[in-house]
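Undergrad: pasted the sequence and its predicted model underneath.
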Amino acid sequence: MVAVADRRRRLRALLRRLPGEYPVLGAIVAAQVVFLLVPTLIVLVASFQGGSVIRFPPDELSVQWYAALPGEERFLAAFYRSVLVATFCTAVAIPVGIATGLGLIRYEIRFAGGIQLYLLLPFTVPLVVSGVVLLLIFRELGVLGQLWTVGLALAIINLPFMIWSVTSRVNALDPELEHAARNLGAEELQTFLHVTLPALMPGVITGGLIMFVLALNEFLVSLLITTPNIVTLPVLIYTSIRANVSPLVAAVASVYVLAAALAVLAADRLVGLEEFLRS
Amino acid sequence: MSRRGSTRTPAIRLDGVTKRFGDVTAVDDVSLGIDREEFLTILGPSGAGKTSLLHMIAGFTEPTDGEIYIDGDPVTDVPPYEREIGMVFQSMALFPHMTVGENVAFPLEMRRYDPDRIDERVREMLELIQLPDIADRDVTELSGGQRQRVAIARALAFEPTLLLLDEPLSSLDKKLRGEMRRELLRIHRTAGVTTVHVTHNQEEALTMADRIAVIDGGEIAQHASAEELYDRPNSPFIADFIGDTTLLSGRVREHDGRECTVELAGGEPVRCLPAEAPPPDPGTPVQVGLRYERIVAGETVATDNAFDATVREVAFEGDTVTYEVDLDGGVELSVTELNTTGTRVFERGREVAVGWNAGDEFLYPATEG
Amino acid sequence: MSRRSERWSPLLAARRAAVDALIALKERLPEDAYRNPPTAVGYLLLVPALVLVGFLFVGMLLLAWYSVLTFDPIEILVYELTLENWRRLFATTGYHVIFLRTIVLTTVVTVLAVALALPYAYLTVRVRSAPLRKLLLVSLFVPFFTGVIVRAYGWLIVLGREGVVNAVLGVFGIGPVRFLASEGAVVLALLQIMLPFAIVMIAPAIQNVDRELELAASNLGADRLATFRRVVIPLAAPGIAGATIVVFTITAATFAIPDLIGGGRVDFVANLVYRTLFDSGNYPLAAATSVALVAVTSAVVVGIFRTIGSGTLGIRRGGGGG
């Protein structure tokens, strides 16, 4: 027993001498960083493949696949549709999110608990089922194959993200601020425009950004409800991968990785990435 | 400086302890010894380095320089959970997901005590804090004073060699603070544990501590008993920080080896009797510190120093009255008088006489700036 | 007046006019409607969200209805009630295997994702160095924002016959090893997809754990592991519950990874639904399978709700933020 305790103490003493604040934890997390980044960034490397087959190490490096991108009408059209869909989805989600956040927290709503549970439905219903459900509805309504349905569908399935971001801000909003605004002569509408809305802005930006990026990337529901003439980029990449693993697809996919990096940069500039650590 | 039981090793000794965060020196070369069963208060304004010092003693941060000894053994390499130091945090830091009993049992659990011994010890501790029946209570249901007591019980449960109190009373209201102050002292005496208490509240320090270490800018400014600190502050900072003191600038005019005369900025001559003889040489710039309550005000005064003055402001405080007066030469003074039977309260604009005896003042060589 | 002339612009004038017009409009309303808004306004604000989510709610009913309709290879749907779809679902061993595999692999992925997310989230929240925190956040969000398909593609490149891993192994004269089309590869790829979700859910909960509680535990004799186990994890339980629910429901419904990485050998329920829907056009059977998947995942979610509570998924009123 004494020997064991002694050995444990010596081990701990050794661990403490390792560099850094959290040596063991740091090593585990460093491995996770590699695990998260390698499959993501490898696409960038593959896109500079000189030959027509992706292989490691690459035969030679070239930008020929990027040079070919502007001529790829199908990919360009799909990319354009994806951006449209993401914009539509975000434009729907923002006002809905703000209204819901204010309604749930500022008013005495009966069955608020039940409504919250109901609003979580997009998270609790498996995505594939949401896709099937929306496919059936849009088919019944006869609107299947119209691009706006994809935007609407994505707004529905990711809505909880938006509501979340806004409610956390509404919750943190000090009611005294609004009282102060009114006391200083702002009537209700101006109070809302000049005090309430700006205070909610970080939540709205965070939520909007998440909605936009998720919509730009959404695959499964889009796969189910898009018809061939309205395929979005993720769906097109999927079908292309199934066909062959051409470096052209890697170049297209790299655009996504760059867009993600840009979005992260934008998020950091607009609200700070640390904002995502808040509840 | 004589120390009680100086032949024994102090319970804890800091030797040249320094803590730097980047360019900022939070604690600067602090050396300090604390005797067994002593109640030491570290007193200082916020940002003076109190918390850094406490965190280094507890082991949460390592000193950049210097060494800390507990019972004569260096502990810099010892992690906090092996230091056997109890601590009461500013926020109490009671675990919200545990009951009162579980909180008090936590350190015993970590030390792998026998379950029966844990139960017994928890009972003892709750009796010590005079709340024997709350073991199964959720900590979130407790009042401020109860939380305070439970935090103390938890910190003492494992019979630590040292108890650290980090601004323990700051989250309580004024009335409760007085009660908890007595309670803390009672527990300190009952448990007989060496205690280091950190506060920015001078009243708390004066009433509780055996000795007080005043810390300023990361350095110990004075380490002495409460009476000594109040009666013989060793710097204008201490004189100003503890008690109410007016500091006046002046210059020594002459001295006879014991008593000296200082000429204030307004030209008034003031007779001083510095504790440390001989007084500074003539011509030396000095600061004269005057406690509000050592100055008397009246129609006439019979003191070594006496001046005519005009009352500029009157603050009636119930048990006392504080006047701000202007001496005829332009020097401003504050005077606090006890409000006893028959005391006459002077109104604003009144001509009065104020004065004090030589030796009632503190005399310091003037500091730069 | 000079100040005004400096800052006076047509834009400002227009904006003021617009707001004034809105105010005038608002003042036509009965005064109580905006001064003391009745609760009805609150309900009104909720309507858009209720309608949007209503698509799913109504759709679920529609799905249940479809699941008892008759399938006909030529007419596709016959509006005749039958339990045939359900019978087939319960009687076919092949379906059982897929459901079982979905549940088992999803559980494995969920447990691993949450277990790995805890140290990641903890370090991200507690690390003192700001650049290091930024690095951890970027490594988390770049994959998160990149999407499933691109990352699945990345895994194909990493694990493929001529991929990165085989290239490395080749240096040592090993291989090529076939990694793809195995359960291990699917779990690995899913883990990478789900880890950011788990971290994003858990980090705020850890942020809410008062740092002083950890110092207290350490001071009371708990080493780092004990502090993590006895203080951090119990207090972050709401976030852990939320992460578990989100990771489980998303993973259980996953399609792309089993399809691309699993190569048809590691199918999940979603792949089954897709095939039933588009290969054989059997809408009723696909509906029944979907309803069954909802039932299974709901059972798990309810189970988690019961044991650890609704966690961070609940929207709390007032207090220090939801």
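TA: Perfect, I can see it now.
Undergrad: ranges for the helices of the stretch 51-200 of chain A?
TA: Secondary structure of the stretch 51-200 of chain A, counting by DSSP state H, counting those that start in this stretch: helices at A:64-68, A:73-106, A:112-119, A:121-124, A:127-141, A:147-172, A:175-183, A:188-191, A:197-217.
Undergrad: pLDDT of the longest one, averaged?
TA: Here the mean pLDDT over helix A:73-106 is 92, rounded to a whole number.
Undergrad: so how far is it from its chain's centroid?
TA: 12 Å (Cα atoms, centre = their mean, to the nearest Å).
Undergrad: give the buried residues for it.
TA: For helix A:73-106, a neighbour-count test (16 or more other Cβ atoms under 10 Å in any protein chain shown) marks A:75, A:78-79, A:81-86, A:88-90, A:92-94, A:96-106 as buried. For the C-beta atoms, the positions are set from N, CA and C on the backbone; glycine is no exception.
Undergrad: is any residue of that helix near chain C?
TA: Yes - Helix A:73-106 comes into contact with chain C (Cβ under 8 Å from any Cβ of the partner chain), by way of A:Val92, A:Pro95, A:Val96, A:Gly97, A:Ala99, A:Thr100, A:Leu102, A:Gly103, A:Leu104, A:Ile105, A:Arg106.
Undergrad: elements contacting that helix?
TA: helix A:112-119, helix A:147-172, helix A:197-217, helix A:233-243, helix C:39-66 (3 or more Cβ pairs under 8 Å, 6 or more residues apart in numbering or on different chains; DSSP states H and E).
Undergrad: give me whichever of the ones you listed is most buried.
TA: The highest mean neighbour count among those, using mean count of other Cβ atoms under 10 Å in any protein chain shown, belongs to helix A:147-172: a mean of 24.
Undergrad: quick check, that one touching chain C?
TA: Yes - judged by Cβ under 8 Å from any Cβ, helix A:147-172 comes into contact with chain C at A:Leu152, A:Ala155, A:Ile156, A:Ile157, A:Leu159, A:Ile163, A:Trp164, A:Thr167, A:Ser168, A:Asn171, A:Ala172.
Undergrad: any chance of these in CSV, plus pLDDT and distance to B:Asp71?
TA: Listed next are the residues of helix A:147-172 next to chain C as CSV, based on pLDDT from 0 to 100; distance: Cβ to Cβ, whole Å:
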residue, pLDDT, distance to B:Asp71
A:Leu152, 96, 72
A:Ala155, 96, 67
A:Ile156, 96, 67
A:Ile157, 94, 64
A:Leu159, 94, 62
A:Ile163, 90, 58
A:Trp164, 85, 53
A:Thr167, 85, 54
A:Ser168, 79, 49
A:Asn171, 76, 50
A:Ala172, 75, 48
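Undergrad: got CSV for those residues, with distance to B:Ala135 too?
TA: CSV is the format used below for the residues of helix A:147-172 next to chain C (distance: Cβ to Cβ, whole Å):
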residue, distance to B:Ala135
A:Leu152, 57
A:Ala155, 53
A:Ile156, 51
A:Ile157, 49
A:Leu159, 46
A:Ile163, 42
A:Trp164, 39
A:Thr167, 38
A:Ser168, 37
A:Asn171, 35
A:Ala172, 36
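Undergrad: farthest-apart pair in those, please.
TA: Maximum pairwise distance among the residues of helix A:147-172 next to chain C (Cβ to Cβ): 30.2 Å, between A:Leu152 and A:Ala172.
Undergrad: tell me the one of the residues of helix A:147-172 next to chain C nearest chain B?
TA: Nearest to chain B, judged by Cβ to the nearest Cβ, of the residues of helix A:147-172 next to chain C is A:Asn171 at 19.5 Å.
Undergrad: wait, that closest one touches A:Ile105, no?
TA: Yes - when contacts are counted by Cβ atoms under 8 Å, A:Asn171 is listed as touching A:Ile105 (6.0 Å).
Undergrad: just the residues of helix A:73-106 next to chain C now: which is nearest B:Gln222?
TA: Once Cβ to Cβ is applied, the member of the residues of helix A:73-106 next to chain C that ends up nearest B:Gln222 is A:Ile105, at 53.4 Å.
Undergrad: need phi/psi at B:Phe68.
TA: Careful, residue B:68 is Ile and not Phe. phi -110, psi 130 (degrees, to the nearest 10).
Undergrad: what sits against it?
TA: Neighbouring residues of B:Ile68 by Cβ atoms under 8 Å, 6 or more residues apart in numbering or on different chains: B:Ile12, B:Arg13, B:Leu14, B:Asp15, B:Val17, B:Met56, B:Ile57, B:Pro74, B:Val75, B:Thr76.
Undergrad: likewise A:Ile230?
TA: Here A:Ile230 is in contact with A:Arg81, A:Gly145, A:Gln146, A:Leu147, A:Val150 (criterion: Cβ under 8 Å, 6+ apart).
Undergrad: not counting residues beside it along the chain, what's closest to the second one?
TA: Nearest in space to A:Gly145, with sequence neighbours left out and distances taken as Cβ to Cβ, 6 or more residues apart in numbering or on different chains, is A:Thr227 at 4.1 Å.
Undergrad: now the first one
TA: The spatially closest residue to A:Arg81, leaving aside those adjacent along the chain, is A:Thr232, at 5.3 Å (Cβ to Cβ, 6+ apart).
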